[in-house]
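Undergrad: Got a sequence here, can you model it:
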Amino acid sequence: MKSTFFRVLAQVLVLACFAPHVHAADRSKDLPPHYRHWLNQEVNYIIDSNERKVFLSLKTDAQRDSFIDGFWRIRNPDPGSPINTYKEEIYRRLAYVNEHYGDPAVQDGWHTDMGRIYIILGPPQQVMTYPSARNVRPLVIWFYQSPSPALPPYFNIMFYKRSAGEPYTLYSPGSDGPVRLVTGLEALNDQKRSFAELRESLGDEVASISLCLIPGVPVDFDFQQYDPDMASDLMLSTIAGLPDNPLTQEKLNTNRLRERVTTSIFLGEHDTTLSYNTFRDDRGRMTLSYLLQMQFANPHLVGARADGSSYYDMLVRTDIQTAAGKPVYSQEDRLTANLTPAAAEVARKKRFGAEVRLPLEPGIYKLTSTLTNNVDQVATREQAMVTVPEPKKQGIAISGLLAFSKPAGIPDPHDLLPCSGSHYRFTPRGAQNVYIRQGDQLPLVFQLWLDPKTAPDTGDEKIHMHYVFGSIADASNSATREDEDLDAGNRDAAGNLLTGHTLDTSGLMPGNYQVAVTATRESDQKTAFATLDLHVAPQAEYVDTWTAYGPVDPGGDALDDLKRGMAAEALGADAEALNDFQRALHEGGDIRVLDRLAVLLARKGMTDQLAALSQQPVLARTAASPSTLMLIAAALNKEGNPKDVVRMLETQITLQPPTPELYNVLADACQASGNTGRAHELRDLAANLKK
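TA: This is a model prediction of the structure:
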């Protein structure tokens, strides 16, 4: 029998979520009518809760006008255009719903369920209308291709009419079920019979949508007990909470950053360059490091304090998206230190490069790097498409060539610094593009990636290395060639072999050259290669670079794996994301990992593993998000374990501000456990909080 708990949970996730900002709306009654209308009817479904709170705290109309201007500006997809297409689209949707839904005379279409969904998601890609059928209420089904990375790629939204005179109501498989869609008395309050009636009248497609709104999820047409998939109700709650969704917030924060930048330096496409390399650690995990390098010396990077001492202070923000534009994560690195007078003088003359380290899963990403000099509040930005390779699919591969500055690598036991591989850290000069002065030597370092399952264990296999460098413009056969052999037995447990080579470029004249490195396995003659472009400057030209990077994050491996999991999830690689999140939870017990893992397990329908999260020690000391707790509680309840729900939530309500929703869920669990007195007490507490 479907539990009372699940019905309450579904109502919390859907009905409560689709009535957001109730208390904030009550406070808006003191606003002048124009601003009250803007807040409650124009942007009600797209403003986030913090923005609403800030707007309600403003005291003057001038402040409110400035806020509204900024609200639309940070949502403008083309900040350089005088036309804000996002704003225009929202007001087009408002006009449409007020004309087609509700009462056009009073313009209340925005307040209907159909109006609400249309404003949030836009027009559906397909509409299926069922105005009348035997023993079935009028139905409308909207089909969407997801407008947000927070939602499934494809999904349906169903509406039904409770009576002829009422507007269409949003349907929820969890809190409604097929009984709400049929009118025949013989199926009254019987989900199975109602489902059969719906199936007979409108067919399998509509019947399956009544059980799950997400296409592709298996549907049991012969169910004995009505147990709807949680993914549909979770999706509906996500739609209602899109303004506060982490992915939405990441995008808005990126846009706010562009608003905060006082001045942007764009002296042309060659003002900065972004080069990168990837290394694999001995557990097979990938890390990308990039160098954002200025092409000219900038003395303004060095600041002077009142006491005459020198320093630098910069912030590098990296926004990562998939190639398809889906946000992955954002990272900020603070680069700051004091400088001696001698070091300050050298820094003013050299070019500067910011080093950033990014844990990622294999895939193609778009990086946006914004470097802000906090000394003079001037910023510069560079974008690049980068590839983190998948070496598992190849018998041999090369990480890419990293040119570095002497001295050679210094030990980095945990590979937590930028440009670290196989426990050694190298100071970068560049990767895909490298500048040197005529007569300089060119030290290179790279990893060879071998498959540990296929590489022989004898330790005597040889890797033949071939180095070629010469002029791109010279068609004659004048390239320089060097060869050496490496012992493949020196690889680590993941198959990584760190190696390097110093090229003697003393014979090169100023100009553009290319370096190519080829690695061939002796055993099977499989080959891998890598290249970089080399720019040789005249000896009198000053091309030296000084670099800086931020402190090591105390999150360590746990934070790294959380970020890799976020990357995998954005790429649609759920299996890799699950492994990353589980590893991160084991390594550090971060509540952010638990929240991510719970949503992923719920989406995948992995009830056993979701319920097992209730045993995680982090829940005994750190407040989890209410939505995470409800997902875990639902899984426990599905397994018939309300006592663990009580144990978990009794601890959690002491760690976070109380909410009626958590109290009610806990009350249901207490009731199911036989503790009626505690259940009544909790319901009273929930009722008092709602007052």
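Undergrad: Show me what secondary structure element comes after the lowest-mean-pLDDT helix or strand in the chain.
TA: Least confident helix or strand, the chain: strand 263-264 with a mean of 40, by mean pLDDT, DSSP states H and E. Using DSSP states H and E, the helix or strand that follows strand 263-264 in sequence is strand 272-280.
Undergrad: what packs against that next one?
TA: Judged by 3 or more Cβ pairs under 8 Å, 6 or more residues apart in numbering; DSSP states H and E, the packing partners of strand 272-280 are strand 286-294, strand 363-373, strand 378-388, strand 420-421, strand 428-430, strand 433-437, strand 441-450. No exception for glycine: its C-beta is placed from N, CA and C like everyone else's.
Undergrad: and the ones you listed as a markdown table, adding mean neighbour count, distance to residue 414 and mean pLDDT?
TA: Formatted as a markdown table, the helices and strands packed on strand 272-280 follow (neighbours: other Cβ atoms under 10 Å; distance: least, Cβ to Cβ, whole Å; pLDDT from 0 to 100):
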| stretch | mean neighbour count | distance to residue 414 | mean pLDDT |
| --- | --- | --- | --- |
| strand 286-294 | 24 | 11 | 96 |
| strand 363-373 | 20 | 24 | 93 |
| strand 378-388 | 17 | 20 | 90 |
| strand 420-421 | 23 | 9 | 95 |
| strand 428-430 | 25 | 19 | 95 |
| strand 433-437 | 20 | 28 | 91 |
| strand 441-450 | 22 | 17 | 94 |
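Undergrad: So which of the ones you listed is nearest residue 661?
TA: Of all the helices and strands packed on strand 272-280, it is strand 363-373 that lies closest to residue 661, at 36.9 Å by Cβ to Cβ.
Undergrad: Report all helices and strands that that closest one contacts.
TA: Using 3+ Cβ pairs under 8 Å, 6+ apart: strand 363-373 touches helix 246-260, strand 272-280, strand 286-294, strand 310-322, strand 351-359, strand 378-388, helix 556-571.
Undergrad: Out of those, flag the one nearest residue 427.
TA: Counting by Cβ to Cβ, residue 427 lies closest to strand 351-359 out of the helices and strands packed on strand 363-373; the figure is 8.5 Å.
Undergrad: Turn the helices and strands packed on strand 363-373 into JSON lines, including distance to residue 44.
TA: Shown next, in JSON lines, are the helices and strands packed on strand 363-373 (distance: least, Cβ to Cβ, whole Å):
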{"stretch": "helix 246-260", "distance to residue 44": "15"}
{"stretch": "strand 272-280", "distance to residue 44": "41"}
{"stretch": "strand 286-294", "distance to residue 44": "41"}
{"stretch": "strand 310-322", "distance to residue 44": "28"}
{"stretch": "strand 351-359", "distance to residue 44": "37"}
{"stretch": "strand 378-388", "distance to residue 44": "34"}
{"stretch": "helix 556-571", "distance to residue 44": "29"}
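Undergrad: closest one to residue 344 among these?
TA: Using Cβ to Cβ, these put strand 310-322 closest to residue 344, at 3.7 Å.
Undergrad: which residues are contacting the helix or strand just after the closest one?
TA: Per DSSP H and E, the first helix or strand lying C-terminal to strand 310-322 is strand 327-339. Residues from elsewhere that reach strand 327-339 (Cβ atoms under 8 Å, 6 or more residues apart in numbering): 149, 247, 250-251, 253-254, 302, 309-322, 347, 354, 356, 358, 360, 365, 374, 548-551, 563, 566-567, 570.
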